[in-house]
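A.B. asks: What shape does this take:
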Amino acid sequence: NDPYSRDHAIEEVRPHTASYILPEAVETFIRYFHRHVRQKNLPEIQTMYDIHFNKHSERYYKTQPWPSEDIVTGIVGEDPLFIILYKELYYRHIYARLQPDVDQRVQSYFNYCDLFNTILSDEEPVNLILPNQWLWDIIDEFIYQYQSYTQFRCKLGKKTEDEREQLKQAPQVWNVHSVLNVLHSLVEKSNVIQQLWAEAGESERASGEIGNETLYRSLGYFSLIGLLRLHCHLGDYHQALKVMDKVDISKKSLSATVPTCRVTTFYYIGFAYLMMRRHPDAIRTFCSILVYLQRTKMLMQGKQSYQYDQVVKQTEQMYSLLALALTFCPQTIDESVNAVLQDKFGERMHRLAAGDDKTFTDLFSFACPKFLSPNLPSLDAPPSSDAYMESYFIQLNIFMSEVHQQGLIHVIRSYLKLYTSMPIAKMAAFLEMTEPEFRTHLLRYKHKMCTPVWKSGSPLSGEMTSSAGTDFYIDGDMIHIADTNVVRPYGEYFVRQINKVQAINHQLQKETDHSRPYRAP
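C.D. replies: Sure thing, here's the model as predicted:
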């Protein structure tokens, strides 16, 4: 039932190796995939990439790799660019369903080098068009394979002598500088930053001839998202948000055309805000994307299985991070998101409020990205069982340090809500601490609850705002408390709902009047 198999009977059949029998459906797929790529038939490329490649992978190559480069060359002839694209899918399939060995990791890196050199080296735009989903997947998989190689490279205790020798022969493979260089080169080649900075009417002129090409513009935009992700993996959260300075992530942006890209973008922006102690912005970011995911859940279920699985996992991670952020900065959130949060994490949120270190550690470990070190251990160094976890422990210690610093803030907030004024000595006695010690905790409360809150512009911008909900000032030996929470305008909400009901009733009345049979007077 494949739509591209109707002309298969008249296609020339080239011989294959005696040791490998290629299924007829797969050969037909490769022929037509090659034809549509050369003809730049975008709808057919998207269908074959999104549907047929995954269908054949599930049917024929669930436990083995796709046909080798030589077999595909025997089918389509000499076409270097198509072979590079095919190998990108070939190695991605190995990473997704099998376990790549050292040679496959190295060869996949060199294939990405060939692909990006082809795109970047020529002064004229490359004669190629690919769907946005595939372009995003190229950038996303490129960073994932770097992450996978770095973790593999750090696990020296599990390496055989042959694997160590293979790694020594390719010291520059998957180097962090080469990965960063590729992403920055794609951004520069596409002039995407100039397009984002330019006004709507000036973007075409700012992009230049190459930047006007969809391939380059999309790769440049997705590379900025890739830099956001990579800097979060490396623990540089300020730089991660800085690369997003002028990136549009609204519902009309390029990221909105690729759901997995949109989810990834919000996940890493929210995580960067959380680690920078900008909890209100982290909550806003997570709630925004979680509401979007609730409304588009049925649409996402029709995507490729691995894409849907990735979105499901990141959704669970964002709910975990939202629970952590709300523990630091309690506030009212969207009712639908709060209902899911209470259902999934209600008990754990109570333990978080009680300051349970294990719950904080477990949620952070599940929800954080895979942290990487740019400095890999020497292959001649004695094996260490936790070398690949070193970056994770550094970030975990930073996070838990913040948890411990805010340990008493939740308790102090609960006492402040009960009174309008009280002697400092009396409240210190409630908390079983000395008056000077309690004053120190009050100053810490003021400091921790005052953070930049984004209003508009760059993700790093923001106005210093108190997110405490309960403010206070000290006059001599007395502490005076004021509730600063803004009462929600429930009246406006009910007025809007009443107007909607009246509009529906009016419409129903009109339809009822039109449906009544006509009676002569």
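A.B. asks: Residue 480: helix or strand, and which one exactly?
C.D. replies: strand 478-483 (DSSP states H and E).
A.B. asks: Neighbouring strands - and their directions - for that strand?
C.D. replies: Here strand 478-483 is paired, per DSSP bridges, with strand 421-423 (antiparallel), strand 470-475 (antiparallel).
A.B. asks: Would you verify that residue 57 is located in a helix?
C.D. replies: Yes. Membership of residue 57 in a helix is supported by DSSP: H, G, I helix; E, B strand; the rest coil.
A.B. asks: Tell me how many other residues surround it.
C.D. replies: Neighbour count for residue 57, taken as other Cβ atoms under 10 Å: 20. Heads up, the C-betas are built off the backbone N, CA and C, glycines and all.
A.B. asks: Not counting sequence-adjacent ones, nearest residue to it?
C.D. replies: residue 93 (5.9 Å; Cβ to Cβ, 6 or more residues apart in numbering).
A.B. asks: got a list of what residue 30 touches?
C.D. replies: 67, 72, 75-76, 86 (Cβ atoms under 8 Å, 6 or more residues apart in numbering).
A.B. asks: Least confident of the strands paired with strand 478-483, on average?
C.D. replies: Among those, strand 470-475 has the lowest mean pLDDT, at a mean of 82.
A.B. asks: Pull out the buried residues from that one.
C.D. replies: 470-472 (16 or more other Cβ atoms under 10 Å).
A.B. asks: Can you pull out the low-pLDDT segments for the stretch 51-200 of the chain?
C.D. replies: 199-200 (pLDDT under 70).
A.B. asks: That one: strands as residue ranges?
C.D. replies: Counting by DSSP state E, counting those that start in this stretch, one finds no strands in the stretch 51-200 of the chain.
A.B. asks: Where do the helices of it begin and end?
C.D. replies: 53-60, 69-76, 80-97, 102-121, 132-154, 161-168, 176-190, 192-197 (DSSP state H, counting those that start in this stretch).
A.B. asks: quick one: buried residues of stretch 391-400?
C.D. replies: Within stretch 391-400, judged by 16+ other Cβ under 10 Å, the buried ones are 391-392, 395-396, 399.
A.B. asks: Stretch 337-351 now?
C.D. replies: For stretch 337-351, using 16+ other Cβ under 10 Å, the buried residues are 337, 341, 345, 348-349, 351.
A.B. asks: Could you pull out the helices in the stretch 201-350 of the chain for me?
C.D. replies: 203-211, 214-234, 237-242, 259-275, 279-295, 297-300, 305-328, 335-353.
A.B. asks: ok, the buried residues of strand 470-475 vs residue 297, which is closest?
C.D. replies: residue 470 (36.5 Å; Cβ to Cβ).
A.B. asks: Tally up the residues packed near residue 482, please.
C.D. replies: Residues near residue 482, counting by other Cβ under 10 Å: 11.
A.B. asks: how close does it get to residue 470?
C.D. replies: 7 Å (Cβ to Cβ, to the nearest Å).
A.B. asks: related to what we said a few turns ago, quick check: the residue nearest to residue 57 touching residue 65?
C.D. replies: Yes. Residue 93 is within contact range of residue 65, at 6.5 Å (criterion: Cβ atoms under 8 Å).
A.B. asks: Nearest residue to residue 250 in space, please, no chain neighbours.
C.D. replies: Residue 250 sits nearest to residue 256 (Cβ to Cβ, 6+ apart), 7.4 Å away.
A.B. asks: Next, give phi and psi for residue 431.
C.D. replies: The phi/psi pair for residue 431 (degrees, to the nearest 10) reads phi -90, psi 0.
A.B. asks: Find the nearest non-adjacent residue to it, please.
C.D. replies: residue 438 is the one closest to residue 431 (Cβ to Cβ, 6+ apart), at 6.3 Å.
A.B. asks: thought that neighbour was touching residue 422?
C.D. replies: No. At 11.3 Å, residue 438 does not count as touching residue 422 under the criterion of Cβ under 8 Å.
A.B. asks: More neighbours: those two, which one.
C.D. replies: residue 438 (21 against 17).
A.B. asks: can you pull the contacts of that one?
C.D. replies: 424, 427-428, 431.
A.B. asks: Now go through those and say which are in helices.
C.D. replies: Residues of those located in helices (DSSP state H): 424, 427-428.
A.B. asks: The residue nearest to residue 57 - how many residues pack around it?
C.D. replies: Neighbours of residue 93 (other Cβ under 10 Å): 17.
A.B. asks: Residue 54 versus that one, what's the distance?
C.D. replies: 10 Å.
A.B. asks: now do residue 502
C.D. replies: Distance from residue 502 to residue 54, by Cβ to Cβ: 49 Å.
A.B. asks: If you count surrounding residues, which of these two has more?
C.D. replies: residue 54 (16 against 10).
A.B. asks: how far away is that one from residue 62?
C.D. replies: Residue 54 is 11 Å from residue 62, by Cβ to Cβ.
A.B. asks: Show me the shaky parts of the stretch 351-500 of the chain.
C.D. replies: Using pLDDT under 70, the stretch 351-500 of the chain drops low at 383-387, 468-469, 483-490, 492-493.
A.B. asks: Please enumerate the helices of it.
C.D. replies: Under DSSP H, counting those that start in this stretch, the stretch 351-500 of the chain gives helices at 357-367, 390-405, 409-416, 424-430, 435-448, 490-515.
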